[in-house]
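# below are the sequence and a predicted model for it; my questions follow.
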Amino acid sequence: MRTVERWRSEGVGVIRTDARPTAVRPPSPRCLSVAERAEVLEIARSPAFASLPPSQIVPKLADQGRYVASESTFYRLLKAADLQHPRGRAHAPIRRHRPTSHCATGPRQVWCWDITWLAAAVKGTYYYWYLILDLYSRKIVAHEVHAAESAEHASHLIRRASLAEGLAGRLLVLHSDNGGAMKGSTMLATLEALGIAPSFTPSRVSND
């Protein structure tokens with residue numbers, strides 16, 4: 001009721017606009033001064049910090065016993081000054097896209113591998129045929145049959161094939177689909193250790 005009475009005393013039927021957006025507010029006591037803002041930008045441009053992001057600048061200053069501004073303030077001031085991009089000798093990162101196709105001009109350049117289900121004598125039971133094929137020569141590089149599908153079996157097979165074909169120091173692409181054994185952490189770690197580049201068939205969508 002008091003609010004309604006106050007509104008009526010200020011003018012019956014008069015609808016006033018919200019004055020909050022245009023209200024003059026006192027500056028925050030935590031707001032940096034002009035000199036402090038200039039110091040932040042000067043530090044960010046300095047040779048010692050020009051190639052570093054604020055997430056590394058602030059800790060390094062702290063190691064020196066200095067506190068100029070918070071990490072978020074550094075980011076905000078750099079953005080306002082259009083300095084959020086790489087500064088100094090730093091260069092913008094180059095995005096390198098993995099090739100979507102591979103062409104083999106000779107053997108031991110691109111291998112393909114897959115796992116095929118083989119029906120066992122007992123109905124509903126299967127064996128798993130692991131096979132690696134050279135894309136160029138169509139040679140079966142290595143193959144094994146196991147009672148289960150796993151990245152560990154695949155890892156062992158690629159190690160054996162790599163040793164048998166003398167791939168040490170050679171560049172090789174191993175192509176497969178997106179199966180669990182193909183993209184398992186054990187298999188990917190093995191490929192990285194052997195210097196083999198994995199390649200996967202792009203995921204299909206319903207309208208392919």
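Ah, there it is. What you see is a predicted model; the values in this text were computed from it and never measured. Numbers count the residues shown, from 1 in each chain.

# show me the contacts for Leu157.
Leu157 makes contacts with Trp113, Tyr130, Ile132, Ala142, His143, Glu144, as judged by Cβ atoms under 8 Å, 6 or more residues apart in numbering. For every residue, glycine as well, the C-beta is placed using N, CA and C.

# and the residue lying closest to the last one once chain neighbours are set aside, how many neighbours does it have?
Pointing back at Glu144 there. In space, and not counting its chain neighbours, Glu144 is closest to Tyr130: 4.9 Å by Cβ to Cβ, 6 or more residues apart in numbering. Using other Cβ atoms under 10 Å, Tyr130 has 21 neighbouring residues.

# now swap in Tyr127 and tell me
Neighbours around Tyr127, by other Cβ under 10 Å: 14.

# so it sits right up against His146, yeah?
Yes. In this structure Tyr127 lies within contact range of His146 using Cβ atoms under 8 Å: 7.0 Å.

# how is this structure partitioned into domains?
Following automatic domain parsing, one gets these domains for the chain: 32-89, 110-200.

# looking at the ones you listed, spot the one closest to His102.
Comparing these against His102 with Cβ to Cβ, the closest turns out to be domain 110-200 (4.9 Å).

# from the chain's centre, how far out does stretch 133-145 sit?
Distance, stretch centre to chain centre, for stretch 133-145: 33 Å (Cα atoms, centre = their mean, to the nearest Å).

# measure that stretch end to end?
Using Cα to Cα, to the nearest Å, the end-to-end distance of stretch 133-145 comes out at 15 Å.

# quick check: beta-bridge partners of the residue nearest to Glu144?
Judged by DSSP bridges, the bridge partners of Tyr130 are Ile115, Glu144.

# show me what contacts it?
Neighbouring residues of Tyr130 by Cβ under 8 Å, 6+ apart: Trp113, Ile115, His143, Glu144, Val145, His146, His153, Ala154, Leu157.
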